[in-house]
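Student: Sequence first, then the predicted structure, then my questions.
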Amino acid sequence: MSANVGRMSPEAHSAPRSLAEALRTRDDASLAALLRDRPDLITPVPTDLTQLATRAGTRASVLRALERLDRFALQTAEALAVAPDPASYDTLLGLMAGDAGDEAVAGALPRAVAVLREQALVWGGDDRLRLVRTARELLAPAPQHPSPTGLGPTVQEATSGMSPGRIQEIVTAAGLPSTHDSVSAVTALTGLFGHRRKMAKLLAGAPEPAREVLSRLVWGPPYGQVTADPAAHLRWLLDRGLLLPTAPGTVVLPREVALHLRAGRAHRTPEPRPPAVLPAAAHSPQVVDATAAGQAYTALATVEELLKDWDEGGPAVLRAGGLSVRDLKRTAVALDVSEPVAAFWTELTYAAGLIASDGEADERYAATPAYDEWLEQPPAERWGRLAQAWLTATRTPGLVGGRDAKDRALSALGPGLDRSAAPEVRHRVLSLLAALPQGTAPDAESVLARLHWERPLRGAQRDGADDLRSRLARWTLSEAELLGVTGRGALASQGRALLGTPVPATGPGTPAGAPAGPPVPAGSPKSAGSPKSAGSPEPAGSLEPAAGPGDKLPVHHHRAPERLVPLSPAEQAVATAAAVRLLAPLLPEPLDHVLLQADLTAVAPGPLRRPLADMLDVLADVESKGGATVYRFTPASVRRALDAGQTATDLHAFLTEHSRTPVPQPLAYLIDDVARRHGHLRIGAASAYVRCDDDALLNEILADKRAAALRLRRLAPTVLAAPTDPATLLEGLRAMGYAPAAESAEGDVLITRAHAHRTPPRTAPEPVPDGPPPPDATLLGAAVRAIRAGDLAATAPRKPVGEPLAGGELPRTSSAETLATMQAAVLTGESVWIGYVNAEGAASQRVIAPIRVEGGFVTAYDHTADEVRTYPLHRITGVAELADD
């Protein structure tokens, strides 16, 4: 089959009578391709090809396979569902291309049939194409679920409950001779409706209103309502069988009549070619890379700011899990972004394993230990971790704020945000961008149209009538821009590398000194480096031109489902490392200096080294961000640094060392003034007390009306007491403009530093898979060998031994007969067929080649397991020699 997937000659093999027989004609590579594209068939591994065929025809498996078809392959399956069973290739071509023919459809149809054959949805030669029964039931017209083609039932189906007399009346009114039975009458009527010339003559005499009725029903839905006394033009149609009653007051347009009116086409608009992804704007690749690199740096700064805000313990976890709306709004204000964008950064940080719930009784979100490790990495590597987490995560931040199926609110970091299609859609959207010339931004609507063509059945899912894949694609485009995977809408060099797509070594967007691009990982799409697609994998049924009806095409040219899946974890790690190497030269180097200004501000003209940035965060407040960050020094910020254990001398030395400009006099005065007053007042626990060597200052505090709430009273000339705790007293005096310092029981000044709260070690959330994971090459090879061996055991011809059991099972043999047959097989080297019951009581059939028999055991090569095994003779229920043929 691997050499004849387009059109299979009926003489190539004896005509298969079932799907199992069709699978037996496949080679190992074709079977492995089927199991790779439909991994649910391998969980668990089928015992033989009959069981594989049975599993491939189950409703759940067929639905999953249909969901992975592109638009044209699905249209082909829909046409087969309304064609006779079996149907010839020419009949199918007529349904797809119509009476007038269509070169594009005729050229694309062989590949569509090949895709359906390879997916085990269609079997049989070109003279007898059969759609798997379950697929036909799902796609064929029925009153409960109309066909996507808009066709109704056949004449035979619509007249199944009609009286013989009424059928004869219709035959006579249609101008046909009466017959002796209903079967021949229906056959004659079907022949009339399928004859183009005779039908044209019959319809030529139809009243004009009758023609209008037919034109309204022709493309579906084919059902209509009539009264008990229909109008004359409707009566004309009913008398001639052009409309047939299906229920009281309901009529249907027979399928044969509709096909005549459609000129033989099953679909109004066949779509043999995928819609092109249109460019919206073109930019210089260098500009795209620079823009994306700047956004990547902003992404790192945003994540750091988020986790710095949660450093001492973040917001509380809701009882149902996730962030409250109020906490999300507070986070959005802190990051100076909108709430949806704040939800994206929060979810991204969670997906990267940098935040989690701390698991305490008063459960809160906090940074994980992995965050501290992440901070120590180079910027490009930190970005790589975020980008890889985003590309592979199934959590979908865009759903935050919506409602689930039970009308419960979906919150950030909460349950219900996983969508298994998200990684595939992200990967596919970026692949479509990679197929465009470097620096080209796509038209978003054309991207959505392409995705819908590739997976027409995977639009509306649990989220209602909205197209989930379209929403995922829109979110992917916006999130990729936020993360720095794209710049100005075009895929950047690091974005291409992230997909495992090589970046041209001399391309205009390659930074100087950067590597040419990642090596293509083993098993990645072979089209990744082809000039035709520039890295975009072809979808299922992305049919190339010049494929004639008789062409023989190799299977691997259109194994589309494999090409639409993301990379494996190992391949993705290689691709991410390559993206990191490309991004590193484009990120700005951290600076070790700032520019101090006379207005008590400091300007950081770029990213700062970590020790400098950490110290400035304590000593000053961030006033504005952008290409440069502006810090402002205030009495409160200077006091914060003094509370952290710094002295005025330390602060002067720090600013002198890291400023490219002299320390302005107002800033030096501010530091000295705050330091002079800092710690003049001392607060300890009485409940709380204030002591000061300057009793005049204490008099001033007592006289201040703002101190009334503190309820201070004098214990001694230099000591005041209060019933509040020291922390409340400390904050109250600071609010009044004083600079007190806390002291210990021994009278020493307490140095307060921010306490970083961390969760116990946590792992990043695992993506929720979309069905069974794709099997690797090792598992596929072992599964194919096991299925082949099991099928050999099940189908091997056997010599008759005694009376066969019901159902064709192996007849039982006595212990003496079993032993004798085994010993004879050892001498002759022949294989035998045995029934075997293991220790758990499970029975199986096996073909073995005995090697030796001794001690109540037989050692043999087991063709079913493809290895040498030892079996106890008492567990062998029966044995038979294989037939000579």
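Tutor: That came through, no problem. Bear in mind the structure is a predicted one, so any value in this text is a computation, not a measurement.
Student: Averaged pLDDT, the longest helix that the chain contains. What do you get?
Tutor: Among all segments of the chain classified by DSSP state H, the helix with the greatest residue count is helix 285-309. Looking at helix 285-309 alone, the average pLDDT works out to 92.
Student: tell me what it is packed against?
Tutor: For helix 285-309, the elements it packs on are helix 325-335, helix 339-351, helix 379-392, helix 468-483, strand 486-487, strand 490-491, helix 493-498, judged by 3 or more C-beta pairs under 8 Å, 6 or more residues apart in numbering; DSSP states H and E. From N, CA and C alone the C-beta is placed, and that goes for glycine too.
Student: Quick one: closest of these to Ala112.
Tutor: Distance to Ala112, taken as C-beta to C-beta, is lowest for helix 468-483 among those, at 21.2 Å.
Student: what's next to that closest one, contact-wise?
Tutor: Applying C-beta atoms under 8 Å, 6 or more residues apart in numbering, the contact partners of helix 468-483 are 295-296, 299, 341, 344, 348, 386-387, 390, 396-398, 419, 421-422, 425-426, 429-430, 444, 447-448, 451-452, 455, 458-461, 463, 486-487, 489, 491, 495.
Student: Only the buried members of the residues you listed: can you turn that into a ChimeraX selection?
Tutor: Command for ChimeraX, covering only those of the contacts of helix 468-483 found buried under the criterion 16 or more other C-beta atoms under 10 Å:
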select :295,296,299,341,344,348,386,387,390,396,397,398,419,421,422,425,426,429,430,444,447,448,451,452,455,458,459,463,486,487,489,491,495
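Student: picking that back up, kindly calculate the angle that the longest helix of the chain makes with helix 339-351.
Tutor: Between helix 285-309 and helix 339-351, the angle comes out at 80 degrees (axes from the mean of the first three to the mean of the last three C-alpha atoms, to 10 degrees).
Student: and helix 285-309 with helix 325-335, angle?
Tutor: Inter-element angle recorded for helix 285-309 and helix 325-335: 120 degrees (by the same axes, to 10 degrees).
Student: Buried residues in helix 285-309, which are they?
Tutor: Neighbour-count burial for helix 285-309 [16+ other C-beta under 10 Å]: 285-286, 288-297, 299-308.
Student: How far away from the center of its chain is that helix?
Tutor: Average the C-alpha atoms of helix 285-309, do the same for its chain, and the two points are 25 Å apart (C-alpha atoms, centre = their mean, to the nearest Å).
Student: One more: stretch 273-282?
Tutor: Between the mean C-alpha location of stretch 273-282 and the chain-wide mean there is a distance of 23 Å, by C-alpha atoms, centre = their mean.
Student: gap between the two ends of that stretch?
Tutor: The stretch stretch 273-282 measures 25 Å between its terminal residues, going by C-alpha to C-alpha, to the nearest Å.
Student: cool, and stretch 85-103?
Tutor: 25 Å.
Student: Ok, stretch 268-286 next?
Tutor: Distance between the two ends of stretch 268-286: 46 Å, counting by C-alpha to C-alpha.
Student: Buried residues of that stretch, list them for me.
Tutor: Along stretch 268-286, these residues count as buried under the neighbour rule (16+ other C-beta under 10 Å): 270-275, 277, 279-280, 283, 285-286.
Student: Ok, stretch 609-619 next?
Tutor: Of the residues in stretch 609-619, those with enough neighbours to count as buried (16+ other C-beta under 10 Å) are 612-613, 615-619.
Student: Could you do stretch 218-229 as well?
Tutor: If you call a residue buried by 16+ other C-beta under 10 Å, then stretch 218-229 has these buried ones: 218-220, 222-224, 226.
Student: Farthest-apart pair in the residues you listed, please.
Tutor: Using C-beta to C-beta, the pair of these lying farthest apart is Trp219 and Val226, separated by 19.6 Å.
Student: one step back: pick the one among the buried residues of stretch 609-619 closest to Ala849.
Tutor: Looking at the buried residues of stretch 609-619 and their distance to Ala849, the nearest is Ala613, at 72.9 Å (C-beta to C-beta).
Student: residues touching that closest one, list them.
Tutor: Contact criterion C-beta under 8 Å, 6+ apart gives 604, 607 as the residues in contact with Ala613.
Student: C-alpha coordinates for stretch 215-222, CSV please?
Tutor: Once non-C-alpha atoms are left out, stretch 215-222 reads as follows in CSV (Å, rounded to 0.1, in the frame of the first residue of the first chain):
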residue,chain,number,x,y,z
SER,A,215,-34.2,25.7,-5.7
ARG,A,216,-34.8,26.4,-2.0
LEU,A,217,-34.2,22.8,-1.0
VAL,A,218,-31.5,21.8,-3.3
TRP,A,219,-28.5,22.8,-1.1
GLY,A,220,-30.2,21.9,2.1
PRO,A,221,-31.7,21.4,4.4
PRO,A,222,-33.7,19.1,2.2
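Student: which residues touch it?
Tutor: Here stretch 215-222 has contacts from 141, 146-147, 149-152, 223-224, 252-253, 255, 258, 261-262, 268, using C-beta under 8 Å, 6+ apart.
Student: Give me the subset of these lying in strands.
Tutor: With DSSP state E as the criterion, strands contain 223-224, 252 from among the contacts of stretch 215-222.
Student: Nothing else from me, thank you.
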